[in-house]
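**Q** turn this into a structure:
(one chain, ligands or ions: 1)
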Amino acid sequence: MDEKRFSTKPSNSSKDVFDFYDLYAESWDERFGDTESVREFHKIRLGTFFKIAELAKGKTCAELGVGTGPYVTEIAPLVKKLICVDGSKGMLDVLGKKVKHLKNIQLEQIDLSKPLEKSPFKVDVLYFFGLIEHVINIDNLMENCKLMLNDGGKIVVISSNGLSPWYHGLRKPFRVGIHCSSDKYYSRKSLGQIMIEHGFNEEQCIFWGFFPAGVKGIVYNILKVVGTCIEKTPLKKFGGGMTISYIRP
Ligand SMILES: C[S@@+](CC[C@H](N)C(=O)[O-])C[C@H]1O[C@@H](n2cnc3c(N)ncnc32)[C@H](O)[C@@H]1O
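**A** As a prediction, the model looks like this:
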């Protein structure tokens with residue numbers, strides 16, 4: 001199954017969201033195909049994370065909404081322990097098969113949209129690639145993050161940028177649109193407001209992604225050059241992706 005043929009799932013609950021990801025779990029990693037733009041997309045997305053996260057061998061980390069874990073085999077060897085959390089059993093099953101050889105991994109099936117009484121773990125770095133857009137209750141997610149984070153720890157959010165024109169109709173001719181009807185897109189500002197309400201301050205922000213993953217040929221080459229120019233201007237705030245770290249003062 002590729003992104004062009006996903007059908008948007010009507011969703012009101014986490015169960016609806018997990019049903020969507022369970023359905024596509026087996027083919028998730030192939031959804032954009034294997035093109036130069038996809039490889040570049042993953043390289044940039046992961047690169048911005050490494051730039052901001054300050055990983056170290058002594059640190060414990062948790063990736064929330066890990067899905068099939070496209071970056072787990074690269075991140076795990078750099079840290080002491082990596083806990084991989086997702087609510088979809090299907091996605092975790094696919095990930096489980098890929099990480100059998102890694103000794104410092106723990107998989108946890110948790111609905112992060114529901115308030116936890118206490119966290120099953122505490123870590124130094126919490127991060128999520130493409131999770132916040134799909135969480136039904138972001139306030140509960142952030143309160144859960146507080147329970148999961150050690151004092152002095154940080155959160156790194158890698159997400160779509162709600163300010164990008166791509167999410168306001170531009171992608172319609174190329175893709176299905178949103179995965180679930182409850183999906184939401186946040187801008188740096190709207191997410192920052194939520195983070196402040198939960199006691200977190202922004203530390204660093206990088207905007208990135210000026211071509212969509214999966215785009216091919218001449219269109220990819222043109223958008224890549226245009227993106228390189230935009231990145232040096234204030235227009236970079238309209239990039240498709242943003243990577244932002246938050247700390248508690
Ligand atoms: C768009 S996928 C991203 C997967 C992966 N991080 C990646 O970049 O390919 C979103 C993931 O978030 C998970 N998710 C959504 N809502 C969740 C929730 N309330 N609790 C836990 N996981 C959730 C989904 O099951 C899915 O695996």
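**Q** what is the end-to-end distance of stretch 101-116?
**A** Terminal residues of stretch 101-116 lie 30 Å apart, using Cα to Cα, to the nearest Å.
**Q** mind listing residues that contact it?
**A** If you take Cβ atoms under 8 Å, 6 or more residues apart in numbering as the criterion, stretch 101-116 is touched by 14, 18, 64-65, 72-73, 76-77, 79-87, 89, 92, 95-96, 99, 120-121, 131, 135-137, 140-141, 143-144, 147. Every residue, glycine included, has its C-beta placed from N, CA and C.
**Q** tell me which element the nearest residue to Val156 once chain neighbours are set aside is part of?
**A** Closest residue to Val156 apart from its sequence neighbours, by Cβ to Cβ, 6 or more residues apart in numbering: Tyr127 at 4.1 Å. Secondary structure assignment for Tyr127, by DSSP states H and E: strand 123-129.
**Q** neighbouring strands for that strand, and are they parallel or not?
**A** Partners of strand 123-129 in the sheet, by DSSP bridges, are strand 60-64 (parallel), strand 149-160 (parallel).
**Q** deepest in the core, which of those is it.
**A** Looking across those with neighbours counted as mean count of other Cβ atoms under 10 Å, the highest average goes to strand 60-64: a mean of 24.
**Q** after that one, which helix or strand is next?
**A** Per DSSP H and E, the first helix or strand lying C-terminal to strand 60-64 is helix 72-75.
**Q** the helix or strand of the chain with the lowest mean pLDDT packs against which elements?
**A** Counting by mean pLDDT, DSSP states H and E, the chain has its least confident helix or strand at helix 217-230, which shows a mean of 79. With contacts taken as 3 or more Cβ pairs under 8 Å, 6 or more residues apart in numbering; DSSP states H and E, helix 217-230 sits against helix 36-53.
**Q** say whether the ligand is contacted by the helix it packs on.
**A** No: judged by Cβ under 6 Å from any ligand atom, helix 36-53 stays clear of the ligand, getting no closer than 7.8 Å.
**Q** using PDB, write down the CA coordinates of that helix.
**A** Once non-C-alpha atoms are left out, helix 36-53 reads as follows in PDB (Å, rounded to 0.1, in the frame of the first residue of the first chain):
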ATOM      1  CA  GLU A  36      16.200   9.500  -3.700                       C
ATOM      2  CA  SER A  37      13.700  12.000  -2.200                       C
ATOM      3  CA  VAL A  38      12.600   9.400   0.400                       C
ATOM      4  CA  ARG A  39      16.200   8.600   1.400                       C
ATOM      5  CA  GLU A  40      16.900  12.400   1.600                       C
ATOM      6  CA  PHE A  41      13.800  13.000   3.600                       C
ATOM      7  CA  HIS A  42      14.800  10.400   6.200                       C
ATOM      8  CA  LYS A  43      18.400  11.700   6.300                       C
ATOM      9  CA  ILE A  44      17.300  15.300   6.900                       C
ATOM     10  CA  ARG A  45      14.600  14.300   9.500                       C
ATOM     11  CA  LEU A  46      17.100  12.200  11.500                       C
ATOM     12  CA  GLY A  47      19.900  14.700  11.000                       C
ATOM     13  CA  THR A  48      17.900  17.500  12.600                       C
ATOM     14  CA  PHE A  49      17.100  15.200  15.500                       C
ATOM     15  CA  PHE A  50      20.700  14.300  16.100                       C
ATOM     16  CA  LYS A  51      21.600  18.000  15.900                       C
ATOM     17  CA  ILE A  52      19.300  18.900  18.800                       C
ATOM     18  CA  ALA A  53      18.900  15.800  20.900                       C
END
